[in-house]
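Participant: Next one to model:
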Amino acid sequence: MPDNAVIELPERSIDRFFKESLHLIEFAILYILIINAFLVNGRLTKGAHLTAALIACFYGFVDEIHQAFVPSRSATAIDAVKDVIGVLVCYYIVQASYFTHPRRRVGQWMEHFATWIRP
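Facilitator: Got it, this is the predicted structure:
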């Protein structure tokens, strides 16, 4: 769909930039949700961490392939790259704050979240 199909901001370049950057955010959120599922169930290990990143990246590629077959949608390699970059940024944050330096604020938030959710 064109970037102005649903809503259009007054400045077209800002509108397109904002909507294209959502690729980074949506697959980062997918990765975070998968990580939280492992974390809450007490199964967040380095292997699970890598698996979550691979699943989110793979889903980004599958989404782009799917869009190639949907009328009025477009599939581009740069969109797949943006999907992977979003996942990799969150992967690095989790790696640094939960596994490498668990006393950092993000790692502490993750632990508090896990203890809050667990029965």
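
Participant: Let me see the confidence value for the residue lying closest to residue 118 once chain neighbours are set aside.
Facilitator: Closest residue in space to residue 118, ignoring its immediate chain neighbours: residue 40 at 6.3 Å, by C-beta to C-beta, 6 or more residues apart in numbering. No exception for glycine: its C-beta is placed from N, CA and C like everyone else's. Predicted confidence (pLDDT) for residue 40: 90.

Participant: Based on its surroundings, how many neighbours for residue 40?
Facilitator: For residue 40, the count of nearby residues is 17 (other C-beta atoms under 10 Å).

Participant: what do you get for the one 4 residues further on?
Facilitator: Residue 44 is flanked by 20 other residues according to other C-beta under 10 Å.

Participant: Return the residues in contact with it.
Facilitator: By C-beta atoms under 8 Å, 6 or more residues apart in numbering, the residues touching residue 44 are 35, 38, 98, 114.

Participant: nearest to residue 80, of the residues you listed?
Facilitator: Among those, residue 35 lies closest to residue 80 (C-beta to C-beta), at 20.9 Å.

Participant: Could you list the buried residues of whatever helix or strand the closest one lives in?
Facilitator: Per DSSP states H and E, residue 35 falls inside helix 12-40. Using 16 or more other C-beta atoms under 10 Å as the burial criterion, the residues of helix 12-40 that qualify are 19, 23-24, 26-28, 30-32, 34-36, 38-40.
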